[in-house]
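Asks: here is a sequence with its predicted model. Questions after.
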Amino acid sequence: MHAFDVLGDPVRRRILELLTGGELSSGDVTTVVRAEFGISQPAVSQHLRVLRENGFTTVRAEGARRLYSVDPGPLKEIDGWLEQYRRFWTGPLDALATEIARGRRERRKAAEDKAAED
């Protein structure tokens, strides 16, 4: 399965988001995902399996629990592929940051001028 096919599913993206905070048990993941998406425990397990089989997560046993964590390898590969496109948004985002900073400076100066008048 291609990385974008794996990440194209909102449930799998949410699972990865949950795991960015650190290792979680399959039960903890299931509780959140079932509440947010209204899917069954077996469906959550299937999504965890797809993530694991495609290298996006690792799992380790701790007694009867299965603890999942993010494996950054496939995400690094996606980032590498995106590198060729990054120029399309880096410049505009830099320009936006400049405009935001300019607006802040102007508001701060206006507030200082008004305070000096009072």
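Replies: On my side now, so go ahead.

Asks: can we go C-alpha only for contacts and neighbour counts from here?
Replies: Fine.

Asks: quick check, central residue of the protein?
Replies: residue 17 (4.7 Å; C-alpha atoms, centre = their mean).

Asks: gap between that one and residue 114?
Replies: Taking C-alpha to C-alpha, to the nearest Å as the measure, residue 17 and residue 114 are separated by 45 Å.

Asks: pLDDT-wise, which helix or strand of the protein ranks last?
Replies: helix 87-117 (a mean of 85; mean pLDDT, DSSP states H and E).

Asks: okay, and residue 4 sits in which element?
Replies: helix 3-7 (DSSP states H and E).

Asks: and the helix or strand just after that helix, average pLDDT?
Replies: The helix or strand immediately downstream of helix 3-7 is helix 10-19, counting by DSSP H and E. Averaging pLDDT along helix 10-19 yields 98.

Asks: which strands and helices sit next to the helix or strand just after helix 10-19?
Replies: Sequence-wise, the next helix or strand downstream of helix 10-19 (DSSP H and E) is strand 24-25. The criterion is 3 or more C-alpha pairs under 8 Å, 6 or more residues apart in numbering; DSSP states H and E, and the helices and strands that strand 24-25 contacts are strand 65-70.

Asks: residues making contact with the following helix or strand past the strand it packs on?
Replies: Note on strand 65-70: by DSSP H and E, the next helix or strand toward the C-terminus is helix 73-82. Helix 73-82 has contacts (C-alpha atoms under 8 Å, 6 or more residues apart in numbering) with 3, 55-56.

Asks: contacting residues around residue 72?
Replies: By C-alpha under 8 Å, 6+ apart, the contact set of residue 72 is residue 56.

Asks: so what pLDDT did it get?
Replies: If you check residue 72, the pLDDT there is 94.

Asks: what distance separates the helix holding residue 4 from the centre of its chain?
Replies: Relative to the mean C-alpha coordinate of its chain, helix 3-7 is positioned 13 Å out (C-alpha atoms, centre = their mean, to the nearest Å).

Asks: now tell me what touches that helix from outside.
Replies: Here helix 3-7 makes contact (C-alpha under 8 Å, 6+ apart) with 12-13, 50-51, 54, 74, 78.
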